[in-house]
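Asks: this one's sequence-less:
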């Protein structure tokens, strides 16, 4: 299982294939159809790396635009494999929802929650001498992976060129 983290929050959003599908839809329906806008905060920074404090408001605004665009796309825009619906080992998505915004509602809600958690933690703890900002990023949500990601230096994310760590 994969989720968003930010501040002191971790919110599970689905399987790795669910997250890949979300970003495939982002690329296909949003990035390619709206090239006048820079989507890299979501398509690269969030997908592969992490969001810095100064990027959170802009990333949240972009995610709201994605949600609006997805709300105008019926669920039939995705070619759902027949073995997916109801198979919790393969997906946590509900392809029976009316549109893509509803199919991916957990992604939008949990992203917003983790963004707010990151901001609130920063606001409340920035004066502590050992405080380090806890960025918004995508991580595996099993306990071992959470520990590994908690110890992973942000420099490793910054230097990452290939697959994101959550897909490894």
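Replies: Structure received. What you are looking at is a predicted structure, and each value in this text was computed from that prediction instead of being measured. Numbering: from 1, shown residues only.
Asks: can you give me the helices in the chain?
Replies: Using DSSP state H, the helices of the chain run over 16-25, 40, 47-48, 56-71, 100-103, 105-125, 143-151, 154-158.
Asks: mean neighbour count and distance to residue 32 for those helices - can I get that in CSV?
Replies: Heads up, the C-betas are built off the backbone N, CA and C, glycines and all. Formatted as CSV, these follow (neighbours: other Cβ atoms under 10 Å; distance: least, Cβ to Cβ, whole Å):
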stretch, mean neighbour count, distance to residue 32
helix 16-25, 18, 11
helix 40, 12, 14
helix 47-48, 20, 15
helix 56-71, 17, 11
helix 100-103, 21, 15
helix 105-125, 18, 19
helix 143-151, 12, 30
helix 154-158, 12, 25
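Asks: reformat these as JSON lines; add distance to residue 91 and mean pLDDT.
Replies: Output for the helices of the chain, formatted as JSON lines (distance: least, Cβ to Cβ, whole Å; pLDDT from 0 to 100):
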{"stretch": "helix 16-25", "distance to residue 91": "5", "mean pLDDT": "96"}
{"stretch": "helix 40", "distance to residue 91": "27", "mean pLDDT": "98"}
{"stretch": "helix 47-48", "distance to residue 91": "19", "mean pLDDT": "97"}
{"stretch": "helix 56-71", "distance to residue 91": "17", "mean pLDDT": "98"}
{"stretch": "helix 100-103", "distance to residue 91": "10", "mean pLDDT": "98"}
{"stretch": "helix 105-125", "distance to residue 91": "12", "mean pLDDT": "98"}
{"stretch": "helix 143-151", "distance to residue 91": "19", "mean pLDDT": "92"}
{"stretch": "helix 154-158", "distance to residue 91": "26", "mean pLDDT": "96"}
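Asks: can you list contacts of stretch 98-111?
Replies: 3-4, 11-14, 19, 22, 25, 29, 60, 63, 66-68, 70-75, 77-78, 92-95, 97, 136 (Cβ atoms under 8 Å, 6 or more residues apart in numbering).
Asks: scratch that, stretch 138-153 is what I was asking about
Replies: Stretch 138-153 is contacted from outside by 1-5, 10, 12, 19, 46-47, 137, 164-166, using Cβ under 8 Å, 6+ apart.
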